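Novice: Generate a structure from the sequence data that follows.
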Amino acid sequence: MVKVRPFKAIRPKQDLAHQVASLPYDVLNSDEARELSKENPYSFLHIDKAEIDFDKTLSPYAAEVYQKANENLETFLKNGWLEKEELDSYYLYELTVGGKSQLGLAAVTSIQDYTEGIIMKHEFTREEKELDRIRHIDACDANTSPIFLTYRGKQKLTDALHRYANQNEPLYDFVSFYEVRHRVWQIQDQNLAEQIGETFEAVPALYIADGHHRTESAVKVGLKRQEAHPDAPHDAEFNFFLSVLFPAEELSILDYNRVIRAPLPDDFLVQVEAAFDVTPAQQEAFKPQEKHQFGMYLDGVWYGLKAKPETIPSDVIGGLDVSILQELVLGPVFGIKDVRRDERIDFVGGIRGLDELKKLVDSGKFHVAFAMFPPQMEDLLNVADAFQIMPPKSTWFEPKLLSGLFVHQLETK
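Specialist: Numbering: from 1, shown residues only. Here you go, the predicted structure:
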């Protein structure tokens, strides 16, 4: 049984939502965040990446940065730029780009569900990234960024949520980064709210689509609060964390491409041809159209690669394209074993297109690029169901949930 419940959202004033809402903290570096917010005092980046309010010489992980994040949150509330609801509510959050929409439910989900494996993961996390968000959540006493969760949809509920969105005016409706339209509704129908709770009681599992570090950090802060407040009720706010839940049927994963900074061996193409069927070189970008197909760009030309059947493992992890590329090329040809830490490899989200791969290689900064066919949602769910972990940098979800539209207070200050 999945525990999903409404919450007292801290959210922007209606006329400020488009100025408050920002890209999530983990897709921007500090310089990019400074540039985006330099003429916008309402930007949520002043809370989510508070180092932008200090000189560049100060570490983004300095204690002053986390304290500043809390001060800025309090200032936003004091100024009325953000306001806290008096009553618990669910919200609908729709993202539309390129004519395709996905409608999610903004709610809070249970720390216990995560620790018991009902909220399932498919990636490992890095301790240093966790520590940053732990300190941030701890200082703000709030979940400032939502976790992107998915589930195998329940059609009756999906229909009801879409019907509500179609029949009611949104709280927010604006176009932001990458021409994505964002719309938010507050659910004020008690019958629908009850249907939401009852439906999720029959959902066997939730899956983290994006936000593994945020989840792990939110859970660890919640557990810390439990130790500090052993007599608190089971429904205390710190026992839950902020999430937006989308039916898997409405989501798609974009390609997460690879660029390599390492000289090619003289027999590079010969080694590639031993494991792949290679199409003739072409000038046009080669975008993979199916599983086990890859594009490769080097020396000004594109190649199409197709993994030979005998090289494709049958297990759920080995059969992923990122695993095939790792085992057949990155490891044996370049000696790249740890893609998280090896500085010879970098990753390019599909939102940036294949022209970005060409540009990086043509610049001389990289020697070869690989265009990937993205994993399918069922791949992600199957990996999580098998209690397995996908290789690093396997999935890239777009559009991104914006931060600042919802904040969930832990209510321990």
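Novice: Distance from whichever strand or helix holds K358 to the middle of the chain?
Specialist: Using DSSP states H and E, K358 sits within helix 354-362. If you compare the mean C-alpha spot of helix 354-362 with that of the full chain, they lie 24 Å apart, counting by CA atoms, centre = their mean, to the nearest Å.
Novice: For it, name the packing helices and strands.
Specialist: Here helix 354-362 is seen to pack against strand 256-260, strand 293-298, strand 345-349, strand 368-371 when contacts are counted using 3 or more CB pairs under 8 Å, 6 or more residues apart in numbering; DSSP states H and E. Glycine gets a C-beta too; all of them are placed from N, C-alpha and C.
Novice: now that helix against strand 345-349, angle please.
Specialist: In this structure, helix 354-362 runs at an angle of 160 degrees to strand 345-349, with axes from the mean of the first three to the mean of the last three CA atoms, to 10 degrees as the basis.
Novice: Residues touching helix 354-362, excluding its own?
Specialist: Counting contacts by CB atoms under 8 Å, 6 or more residues apart in numbering, the residues outside helix 354-362 that touch it are 257, 259, 285-287, 295, 297-298, 300, 346, 348, 366-369, 371.
Novice: What about these, which one has the most neighbours?
Specialist: With neighbours set by other CB atoms under 10 Å, the maximum within the contacts of helix 354-362 is found at N257, which has 27 neighbours.
Novice: Next, the contact list for the closest residue in space to that one that isn't next to it in sequence, please.
Specialist: In space, and not counting its chain neighbours, N257 is closest to V348: 4.6 Å by CB to CB, 6 or more residues apart in numbering. With contact set as CB under 8 Å, 6+ apart, V348 has these partners: 256-259, 356-357, 360, 369.
Novice: Among the residues you listed, which one lies nearest to N191?
Specialist: Checking the contacts of V348 against N191 with CB to CB, the nearest one is Y256 at 41.0 Å.
Novice: can you count the residues close to that closest one?
Specialist: Neighbouring residues of Y256 were enumerated by other CB under 10 Å; the total is 20.
Novice: Identify the bridge partners of it.
Specialist: G349 (DSSP bridges).
Novice: wait, isn't it in contact with S394?
Specialist: Yes: at 6.5 Å, Y256 counts as touching S394 under the criterion of CB atoms under 8 Å.
Novice: Please enumerate the strands of the stretch 201-350 of the chain.
Specialist: When assigned using DSSP state E, counting those that start in this stretch, the strands of the stretch 201-350 of the chain occupy the ranges 206-210, 240-247, 253-254, 256-260, 276-278, 293-298, 301-307, 345-349.
Novice: List just the one of those that sits closest to D321.
Specialist: Between those, strand 293-298 lies closest to D321; by CB to CB that is 7.0 Å.
Novice: how would you label V184: helix, strand or coil?
Specialist: At V184, secondary structure determined by DSSP: H, G, I helix; E, B strand; the rest coil is strand.
Novice: What sits closest to it if chain neighbours are left out?
Specialist: For V184, ignoring the flanking residues on the chain, the nearest one in space by CB to CB, 6+ apart is Y172 at 4.3 Å.
Novice: Restrict the helix holding K358 to CA atoms and write it as PDB.
Specialist: As requested, the backbone C-alpha atoms of helix 354-362 are provided in PDB (Å, rounded to 0.1, in the frame of the first residue of the first chain):
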ATOM      1  CA  LEU A 354      22.800  15.700 -31.800                       C
ATOM      2  CA  ASP A 355      24.200  18.900 -33.100                       C
ATOM      3  CA  GLU A 356      25.700  19.400 -29.600                       C
ATOM      4  CA  LEU A 357      27.600  16.100 -30.000                       C
ATOM      5  CA  LYS A 358      29.000  17.300 -33.400                       C
ATOM      6  CA  LYS A 359      30.000  20.600 -31.900                       C
ATOM      7  CA  LEU A 360      31.900  19.100 -29.000                       C
ATOM      8  CA  VAL A 361      33.800  16.800 -31.200                       C
ATOM      9  CA  ASP A 362      34.500  19.400 -33.900                       C
END
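Novice: Any buried residues in it, and which?
Specialist: Applying a neighbour-count criterion of 16 or more other CB atoms under 10 Å, one finds 354, 356-358, 360-361 buried in helix 354-362.
Novice: Going by distance to P6, which of the residues you listed wins?
Specialist: Nearest to P6 out of the buried residues of helix 354-362 is E356 (CB to CB; 40.7 Å).
Novice: pLDDT value on F387, please?
Specialist: Among the per-residue scores, F387 shows a pLDDT of 85.
Novice: can you check R152 too?
Specialist: 92.
Novice: I'd say V368 and I260 touch.
Specialist: Yes: applying CB under 8 Å, one finds V368 in contact with I260, separated by 5.0 Å.
Novice: residue contacts, the residue lying closest to A106 once chain neighbours are set aside?
Specialist: Distance criterion CB to CB, 6+ apart; nearest residue to A106, sequence neighbours excluded, is Y91 at 3.9 Å. Under the criterion of CB under 8 Å, 6+ apart, the neighbours of Y91 are 9, 105-107, 171, 184-187, 406.
Novice: rerun that using 7 Å as the cut-off
Specialist: Counting by CB atoms under 7 Å, 6 or more residues apart in numbering, Y91 touches 9, 106, 184-187, 406.
Novice: Put the buried members of those residues into a ChimeraX selection.
Specialist: For selection in ChimeraX, the members of the contacts of Y91 meeting the burial criterion (16+ other CB under 10 Å) are listed in this command:
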select :9,106,184,185,186,187,406
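Novice: Now distance to D53 and pLDDT too, for the contacts of Y91, in JSON lines please.
Specialist: JSON lines is the format used below for the contacts of Y91 (distance: CB to CB, whole Å; pLDDT from 0 to 100):
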{"residue": "A9", "distance to D53": "25", "pLDDT": "98"}
{"residue": "A106", "distance to D53": "27", "pLDDT": "98"}
{"residue": "V184", "distance to D53": "27", "pLDDT": "98"}
{"residue": "W185", "distance to D53": "33", "pLDDT": "98"}
{"residue": "Q186", "distance to D53": "31", "pLDDT": "98"}
{"residue": "I187", "distance to D53": "35", "pLDDT": "98"}
{"residue": "F406", "distance to D53": "22", "pLDDT": "98"}
